[in-house]
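>>> Sequence and predicted structure, then a few things I'm wondering about:
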Amino acid sequence: MLEMHHVTKEFKQFTALEGIDLQFDRGIYGLLAPNGAGKTTLIKMLVTLIYPTKGEITYYGENILDLDEKYRDILGYLPQEFGYYKNYSPEKYLIYLASLKGLTKREAKEKISELLTLVGLKDVAKKKMKKFSGGMIQRVGICQALLNDPQVLILDEPTAGLDPKERARFRKILSNLARDRIIILSTHIVSDVESIANEIVMIKKKRVLYKKRQEDLRQLLEGKLFETRVPFENAEQFRADYSVLAEKQEENRMVMRFAVENGEREQEWITVSPTLEDIFLYIFEEETDLTGGIA
């Protein structure tokens, strides 16, 4: 059990997070928020790169700062950008890291072979990483996070640079790993967590807004989400009148996907089932730009 108790993090005159209370048990947790909302700050506290200004983080009741190396021994971490040696091969790089983590040469060799096979890099295990694509480098990063068979695995924007096939492989890996460990996946890419996360944590205005199962979150928009076709000349006014979450051009009209709070219903509107992305866009509407992505 990994828990955050009334955690606040301040940077001089700026408060990044305030009064965070969270509890993580075995399974996958999706940490969702727009960029700049405090996801990385929270992650860095969980991996002891920075410390809470107030409150504490505990693992099975003990403060992780007091546990020190005992906590890091059971921790796997993939930051947004991790350091690696371009002239090293994945195998050489991982052997180096395994030695730092205290693995014997035999243990390291077996584990590295297993992990490189797992992420589809076995055939390039001895090639220099300077020739690798961004997605291949990210897969090496996933390997380094798993080297010590961690009980707590924390991943910050782990699918950056991965193509759709690689992302699907990554989600499958995480699903298999989650049976007996805590996995926290921080991202602003909703599809990364929609198919695999047991619970979703949403942060807004420096605090935890929701920590719920996806089906419970979807209830927020049940019966309030619609689609309709709008003539091009009426689209701007429609956006002003309603909370439009998505739109696309179809048959010389705009198909609008939108939420209505007050229960009003026009005859031509079609009721649709909410997705996690709908919920995300609805909750963070003022912090997103539908024409350019997350603000």
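Okay, I see it. Note that this is a predicted model, so its numbers are computed, not measured.

>>> Please count neighbours and contacts with C-alpha atoms only from this point.
Noted.

>>> Kindly provide the distance from the closest residue to residue 82 other than its chain neighbours to residue 32.
Spatial nearest neighbour of residue 82, excluding adjacent residues (CA to CA, 6 or more residues apart in numbering): residue 141 at 7.0 Å. Distance of residue 141 to residue 32, computed by CA to CA, to the nearest Å: 21 Å.

>>> now do residue 285
Residue 285 is 14 Å from residue 32, by CA to CA.

>>> So the two - more neighbours on which side?
When neighbours are counted by other CA atoms under 10 Å, residue 285 and residue 32 differ, and residue 32 comes out ahead with 22 against 16.

>>> give me phi/psi at the closest residue to the more buried one other than its chain neighbours?
Distances taken as CA to CA, 6+ apart place residue 202 nearest to residue 32, at 5.0 Å, with adjacent residues excluded. Backbone geometry at residue 202, expressed as degrees, to the nearest 10, gives phi -120, psi 130.

>>> what residues are up against residue 202?
Applying CA atoms under 8 Å, 6 or more residues apart in numbering to residue 202 gives the contacts 31-33, 208-211.

>>> Going through those, which ones are buried?
Buried members of those, scored by 16 or more other CA atoms under 10 Å, are 31-33, 208, 211.

>>> can you give me the helices in this protein?
Here the chain has its helices, by DSSP state H, at 39-46, 64-67, 69-73, 90-100, 105-118, 134-146, 164-177, 191-194, 214-218, 235-241, 276-283.

>>> Which one of these lies nearest to residue 264?
Ranking the helices of the chain by their distance to residue 264 (criterion: CA to CA) puts helix 235-241 first, at 12.5 Å.

>>> Identify the residues contacting the closest one?
230, 254.

>>> Alpha carbons of that helix, in CSV - could you do that?
Only the C-alpha atoms of helix 235-241 are listed here, as CSV (Å, rounded to 0.1, in the frame of the first residue of the first chain):
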residue,chain,number,x,y,z
ALA,A,235,-21.3,26.2,-36.1
GLU,A,236,-19.8,29.3,-34.4
GLN,A,237,-23.0,30.1,-32.6
PHE,A,238,-23.4,26.5,-31.6
ARG,A,239,-20.0,26.5,-30.0
ALA,A,240,-20.9,29.6,-28.0
ASP,A,241,-24.2,28.1,-26.8
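
>>> how about it: buried residues?
Buried positions in helix 235-241, judged by neighbour count with 16+ other CA under 10 Å: 235, 238.

>>> for stretch 114-133, same thing?
115-116, 119, 121-122, 125, 127-129.

>>> from the residues you listed, which single one is nearest residue 215?
residue 119 (30.3 Å).

>>> pLDDT score assigned to the nearest residue to that closest one once chain neighbours are set aside?
Spatial nearest neighbour of residue 119, excluding adjacent residues (CA to CA, 6+ apart): residue 139 at 6.1 Å. We have a pLDDT of 88 for residue 139.

>>> Neighbours of residue 139, how many?
24.

>>> thought it was touching residue 122?
No - assessed by CA atoms under 8 Å, residue 139 is found out of contact with residue 122, at 11.3 Å.

>>> hmm, back to that, lowest-confidence member of the buried residues of stretch 114-133, which is it?
Across the buried residues of stretch 114-133, the smallest pLDDT goes to residue 119, namely 87.

>>> ok, now how distant is the nearest residue to residue 17 once chain neighbours are set aside from residue 2?
The spatially closest residue to residue 17, leaving aside those adjacent along the chain, is residue 206, at 4.3 Å (CA to CA, 6+ apart). Per CA to CA, residue 206 is found 20 Å from residue 2.

>>> care to break this protein down by domain?
Listed by automatic domain parsing, the domain ranges of the chain are 2-218, 225-294.

>>> Can you name the residues bridging to residue 228?
When bridges are called by DSSP bridges, residue 228 pairs up with residue 256.

>>> Now do the residue nearest to residue 17 against residue 61, distance only.
25 Å.

>>> do the same with residue 212
To residue 61, residue 212 is 23 Å away according to CA to CA.

>>> Looking at these two now, which is surrounded by more residues?
residue 212 (15 against 10).

>>> Now do the contacts for the closest residue to residue 41 other than its chain neighbours.
Closest residue to residue 41 apart from its sequence neighbours, by CA to CA, 6+ apart: residue 16 at 7.3 Å. Counting by CA under 8 Å, 6+ apart, residue 16 touches 8-10, 37-38, 41, 206.
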